[in-house]
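> I'd like to go over a predicted model; first the sequence, then the structure.
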Amino acid sequence: MALNILYFAWVREKIGRGDETVTPPATVETVAQLIDWLAGQSPKHSEAFKNRAQIRVAVDQTHSAHAAKIAGAKEVAFFPPVTGG
Amino acid sequence: MALNILYFAWVREKIGRGDETVTPPATVETVAQLIDWLAGQSPKHSEAFKNRAQIRVAVDQTHSAHAAKIAGAKEVAFFPPVTGG
Amino acid sequence: MDIRVQKDAFGIGAETDTFAARNKTSGAICTFIGQMRDFRGADKQTGEAIATMELDAYPGMADKQLLDLATEAKSRWPLDDIAIIHRYGPLKPAEAIVFVATASAHRGDAFAACEFLMDWLKTKAPFWKKETGPSGSSWVAALESDDDRAKRWEKT
Amino acid sequence: MDIRVQKDAFGIGAETDTFAARNKTSGAICTFIGQMRDFRGADKQTGEAIATMELDAYPGMADKQLLDLATEAKSRWPLDDIAIIHRYGPLKPAEAIVFVATASAHRGDAFAACEFLMDWLKTKAPFWKKETGPSGSSWVAALESDDDRAKRWEKT
């Protein structure tokens, strides 16, 4: 199923693009599994996701844990801890 | 010794004036004694000072307790609890 | 610091801009505005309408007291600047009675100092409100809750 | 409520006036303004000068997140109104990054809600700061102290 992926801040810079549409295999059921799968897509992806603990996630624009399921999700965003305000 | 007395809010309204200069006897050494002495000056003073617990005091523009000494003071103000802000 | 006790109305937007312009390198600015309510007591639904207010003040002491409060706040928190403006005399509903602003590098200090200033001002600054409505004029009674809020900041 | 995520600069005085005019019967208004600092890190004396900042944002989520925060604040405190304005895109030193305003009958509620909104916004709103100075550009690191401040408001 096609999934819209968004990247922000240094995650975007390391990957070299702000968004992409991917179709992970059905075995990818959680955010953590999606990160593992994305990290295997290119050396840039691998570098961006090297330190998993620094990666925050929003599934369909809601902050989510790495353990969260992604079934039915349309948009998953990856970014560092936020620094607004 | 001449002492400048100021009244504010309903204390002023009950006494009918905002300030007066008085010369209490030397036996008047504390704020409480000054209140007792002032209360004896007229029925209006007596009425204004009837409920001592509602009367707040500033000696030379500094909040003071009824037990405070007034030796050397130039200005003593009487008023209800403040309600600004 | 900018401490003012004044009869004239002031614009809270203009004062906010002035304060911010004076503190360009402060990351955090907190302001509080106390507006004159148009009803008596604590409940908007049941309180009688208020047409006007007269704010009695002890001018010399008010200036001194607000300056003391600001000095105390500066000794407790790392602040870049403080502004306090307090009206006296006649006021109309919705007019600003008091404006307090704090500037600091950190928001926690700006918030704490601003709230401290308001809490102490409420129990220490020599001002007295008299409200006038259809049933006449009366002096506003001090609130015990204000004393409780002020006590939170006492040093032990 | 007025929740805005915008690229254009805004005037904090004008926004304060607009907010107060919309809440004439609220006795208490609290505002917070986060300004862009002109130095790196926490210390003005030692931090390198910052020339510009780029504020990256996740626009759709930012709107949703700020609205969620405002809704949460309204459920916790009796508030008459909330405004939150947050910039994104390029910023210059001393420009306002964020403006939060709360209106309530009581100052304690206005202060608490305003501080709560800032603390949660700091750890939940999807914005990222990139600073550019003489030594180059770098992404600002999140502060552990911000996490600690946000945790104070968690319900147990």
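Arrived safely. Numbers count the residues shown, from 1 in each chain, chains lettered A, B, ... in the order given.

> could you give me the buried positions within the helix or strand where A:Gln33 lies?
Secondary structure from DSSP states H and E places A:Gln33 in helix A:31-39. By neighbour count on 16 or more other C-beta atoms under 10 Å in any protein chain shown, the buried set for helix A:31-39 is A:31-35, A:38-39. Backbone N, C-alpha and C define where each C-beta goes, glycine included.

> so C:Ser75 sits in a helix?
Yes. Counting by DSSP: H, G, I helix; E, B strand; the rest coil, C:Ser75 is found in a helix.

> who are the contact partners of it?
By C-beta atoms under 8 Å, 6 or more residues apart in numbering or on different chains, the contact set of C:Ser75 is empty.

> any idea how far it lies from C:Phe116?
11 Å (C-beta to C-beta, to the nearest Å).

> same question for C:Thr52.
Counting by C-beta to C-beta, the gap from C:Thr52 to C:Phe116 is 31 Å.

> of those two, which one has the most company?
Per other C-beta atoms under 10 Å in any protein chain shown, whichever of C:Thr52 and C:Phe116 has more neighbours is C:Phe116, with 21 against 14.

> that older thread, centre of the chain to the helix holding A:Gln33, how far?
Here the centre of helix A:31-39 is set off from its chain's centre by 7 Å, with C-alpha atoms, centre = their mean, to the nearest Å.

> could you do stretch C:39-53 as well?
Relative to the centre of its chain, stretch C:39-53 is centred 19 Å away, using C-alpha atoms, centre = their mean.

> repeat for stretch C:43-55
18 Å.

> for C:Ala101, grab the count of nearby residues.
29.

> what does A:Leu6 give?
21.

> return the residues in contact with the residue lying closest to it once chain neighbours are set aside.
Counting by C-beta to C-beta, 6 or more residues apart in numbering or on different chains, A:Ala77 is the residue found nearest to A:Leu6 once chain neighbours are left out, at 4.0 Å. The contact partners of A:Ala77, by C-beta under 8 Å, 6+ apart, come to A:5-8, A:57-58, A:61, D:58, D:61, D:126.

> in a helix, A:Ala77, correct?
No. Per three-state DSSP, A:Ala77 lies outside any helix segment and is strand.

> for chain B, see how far away it is.
45 Å (C-beta to the nearest C-beta, to the nearest Å).

> over to A:Met1?
For A:Met1 relative to chain B (C-beta to the nearest C-beta), the value is 60 Å.

> got a list of what the nearest residue to that residue once chain neighbours are set aside touches?
Sequence neighbours aside, A:Thr23 is the residue nearest to A:Met1 in space, at 6.5 Å (criterion: C-beta to C-beta, 6+ apart). Neighbour list for A:Thr23: A:1-3 [criterion: C-beta under 8 Å, 6+ apart].

> tell me the contacts of C:Gln35?
C:94-97, D:20, D:23-24, D:26-29.

> any quick ChimeraX command for the buried ones out of the residues you listed?
Written as a ChimeraX command, the selection of buried residues from those, which uses 16+ other C-beta under 10 Å, is:
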select /C:96,97 /D:20,23,26,27,28,29
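
> give the helix, strand or coil label for the residue of chain A found nearest chain B.
With C-beta to the nearest C-beta as the measure, A:Gly85 is the residue of chain A nearest to chain B, at 28.3 Å. Here A:Gly85 is recorded as coil under three-state DSSP.

> can you tell me how far it sits from chain C?
Going from A:Gly85 to chain C by C-beta to the nearest C-beta gives 8 Å.

> so what pLDDT did the nearest residue to that residue once chain neighbours are set aside get?
Of all residues not flanking A:Gly85 in the chain, D:Lys122 sits nearest, at 4.3 Å (C-beta to C-beta, 6+ apart). Model confidence at D:Lys122, given as pLDDT, is 97.

> which residues touch D:Lys122?
D:Lys122 neighbours (C-beta under 8 Å, 6+ apart): A:82, A:84-85, D:146, D:149-150.

> quick one: the helices in chain C, in order.
Assigned by DSSP state H, the helices in chain C fall at C:12-22, C:59-76, C:107-124, C:144-151.

> among the ones you listed, which comes closest to D:Lys7?
With C-beta to C-beta as the measure, helix C:12-22 is the member of the helices of chain C nearest D:Lys7 (20.3 Å).

> run the angle between that closest one and helix D:12-22 for me.
160 degrees (axes from the mean of the first three to the mean of the last three C-alpha atoms, to 10 degrees).

> filter the contacts of A:Thr23 down to the buried ones.
Burial by neighbour count, 16+ other C-beta under 10 Å: within these this picks out A:Leu3.

> closest to C:Arg4 out of the contacts of A:Thr23?
A:Leu3 (59.2 Å).

> separation between that closest one and C:Ala112?
In terms of C-beta to C-beta, A:Leu3 sits 45 Å off from C:Ala112.

> how about A:Asn4?
In terms of C-beta to C-beta, A:Asn4 sits 43 Å off from C:Ala112.

> once you drop chain neighbours, what's closest to the spatially most central residue of chain C?
By C-alpha atoms, centre = their mean, the mean C-alpha position of chain C lies nearest to C:Val98, the distance being 3.7 Å. Spatial nearest neighbour of C:Val98, chain neighbours left out: C:Gly34 (4.2 Å); criterion: C-beta to C-beta, 6+ apart.

> again, but for C:Lys7
C:Gly89 (4.2 Å).

> list the contacts for A:Ala39?
So A:Ala39 contacts A:45-46, A:48-50 (C-beta under 8 Å, 6+ apart).

> ok, so of these, who is nearest D:Trp139?
Out of the contacts of A:Ala39, the member with the shortest distance to D:Trp139 (by C-beta to C-beta) is A:Ala48, at 12.9 Å.

> make JSON lines from the helices of chain C and add distance to D:Thr46 to it.
Below are the helices of chain C laid out as JSON lines (distance: least, C-beta to C-beta, whole Å):
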{"stretch": "helix C:12-22", "distance to D:Thr46": "23"}
{"stretch": "helix C:59-76", "distance to D:Thr46": "22"}
{"stretch": "helix C:107-124", "distance to D:Thr46": "19"}
{"stretch": "helix C:144-151", "distance to D:Thr46": "37"}
